[in-house]
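Participant: Build me a model from this:
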Amino acid sequence: MRGRKRLTSMIDQTARWGSTGSDTVSSVREDTETDREGRVIWSVAPSALFVTTVPVTLEVFLAPFAHHFREQGWRIDALANGATTTPALAGIFDECHDAPWTRNPLSPRNLIGTARHVRELVAREGYDLVHVHTPIAAFVTRFALRRLPPGQRPVVIYTAHGFHFYRGQRFYLRALYRALERRAARWTDYLVTINAEDFEAARAFGTIRRERVRLIPGIGVETMRFSEDAVTDDEADAVRHELMLPATVFVLLMIAEFMPVKRHAFVVDAFARVRKEHVVLVFAGDGPLEATVRAQVERLGLAERVRFAGYRRDIPALLAASDALLLASEREGLARSVLEAMAAGRPVIGTRTRGITDALPEGTGWLVPKNDPAALAKAIDDAAGFPAEVARRGVAARSLARRTYDLSLIIDAYEELYREALASRV
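Facilitator: Here you go, the predicted model:
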């Protein structure tokens, strides 16, 4: 077993994240990381396990965090269903491990076999910290670790990327999902939320100390990837040419997988009411409902004004070729496409949905009632009719994104949280 670092008893080992240390006790004491009261937090670089349900979350969202902490000397491992067979993860994490989660977090397979597998892995590897993401993996992992003895149990942090319960949801579903999250909070040392509604909900659980619930706005955006100079005019023109978008049209972009929660059908219904004929709606993404939405577009006679761009990896260029972003989801954690559009200087036309409203203070876009297609159509017409206002709100959105949602700021917030979490174990 990789030895667990009971940190106060190892003052004579190398200190600090990534430090080379010293052979003398006095030098080690100088370099050892301490909390605000002078207590030792760690005397060798800590280790952490990042846990998600599927590998794509690790690759797309958590890679920058793994890179950052590994550069500081941490050992960062990953756990997901299929992690060992995802080649991209090999260069991101020190080691990858598999967990055969099923879709039902309460299934006997999850709560017996998979939970035992997770518990044995964590005990064997001796992690200082386990950071869980995504509901199924987070619930099962916290269940698995809840009774580990103090000498083996790591600090457990859960980032909720949007609770499955939310205001306006059917009562029985809201009650069920809230009960599951409330129970699992009992097994959590720190619970991170990314929007105000979830933050207040978690603080009201009563199963985790209120001061252990934190609000960190999202998982960060590399804002400079979307800056004015990051995409050339030629790249943006190439996208417009590919999608047959003349220079005279107002390009409204929606980046979302074709899933019920994203409400593409509602968006098409609203778009059919838009009066400005020079507006073109571009759907970027794929998913099981794409064929249904295509049929709806044909039925409503919108085929000439709607483009299906498919799954894209050139989001900065796609945003540069657009005038505004549209999103009308049933729920979000803190919509990443919204934050990326803001970083690109593109205002957002959105519904008053948890995770969209949080990102868009007044003056950075247009917000309309969640279930009002006529109001959404009017907001689109307003934006398409006033290019100067679109530009003004885009500038305000970019400034806010850089001040609030930049990846470096979010990593700093997690680094501070990790320090506090490890200090709490001393």
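
Participant: what does whichever strand or helix holds Leu49 rub up against?
Facilitator: Leu49 is part of strand 47-51, with elements assigned from DSSP states H and E. If you take C-beta atoms under 8 Å, 6 or more residues apart in numbering as the criterion, strand 47-51 is touched by 2, 58, 62, 65-66, 69, 74-80, 93, 97, 99, 118, 121-122, 125-133, 137-138, 141, 154, 418. In short, each C-beta sits where N, CA and C put it, glycine included.

Participant: same deal with stretch 381-388?
Facilitator: Applying C-beta under 8 Å, 6+ apart, the set of residues contacting stretch 381-388 from outside is 250, 252, 274-276, 278-279, 323-324, 347, 349, 366, 389-390.

Participant: that older thread, which SSE is immediately downstream of the strand holding Leu49?
Facilitator: Next element after strand 47-51 (DSSP H and E): helix 55-57.

Participant: Counting by contacts, list what that following helix packs against.
Facilitator: The contact analysis (3 or more C-beta pairs under 8 Å, 6 or more residues apart in numbering; DSSP states H and E) places helix 55-57 against strand 75-80.

Participant: pLDDT averaged over the strand it packs on - what is it?
Facilitator: In this model, strand 75-80 carries a mean pLDDT of 98.

Participant: Return the angle between stretch directions for it and strand 47-51.
Facilitator: 20 degrees (axes from the mean of the first three to the mean of the last three C-alpha atoms, to 10 degrees).

Participant: Okay, now the sheet partners of whichever helix or strand comes after strand 75-80, with direction.
Facilitator: Remark: after strand 75-80, the chain's next helix or strand is strand 96-98, criterion DSSP H and E. Partner strands for strand 96-98, per DSSP bridges, with pairing direction: strand 75-80 (parallel).

Participant: Touching the partner strand from outside, list them.
Facilitator: 45-55, 57-58, 66, 69-70, 86, 89, 92-99, 118, 121, 125, 127, 137, 141.

Participant: out of these, which are buried?
Facilitator: Neighbour-count burial (16 or more other C-beta atoms under 10 Å) applied to the contacts of strand 75-80 gives 45-55, 57-58, 66, 69-70, 86, 89, 92-93, 96-99, 118, 121, 125, 127, 137, 141.

Participant: returning to that earlier point: could you give me the PyMOL syntax to select whichever of the contacts of stretch 381-388 are buried?
Facilitator: To isolate the buried members of those in PyMOL, using 16+ other C-beta under 10 Å:
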select buried, resi 250+252+274+279+323+324+347+349+366+390
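
Participant: Where strands are concerned, which of the contacts of stretch 381-388 count?
Facilitator: 250, 252, 279, 324, 349, 366 (DSSP state E).

Participant: Switch those residues over to TSV; also include pLDDT and distance to Leu400.
Facilitator: Shown next, in TSV, are the ones in strands among the contacts of stretch 381-388 (pLDDT from 0 to 100; distance: C-beta to C-beta, whole Å):
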residue	pLDDT	distance to Leu400
Phe250	98	23
Leu252	98	21
Val279	98	25
Ala324	98	16
Ile349	98	16
Trp366	97	15
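
Participant: okay, those in CSV with distance to Arg425 next?
Facilitator: Formatted as CSV, these follow (distance: C-beta to C-beta, whole Å):
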residue, distance to Arg425
Phe250, 55
Leu252, 50
Val279, 55
Ala324, 47
Ile349, 46
Trp366, 47
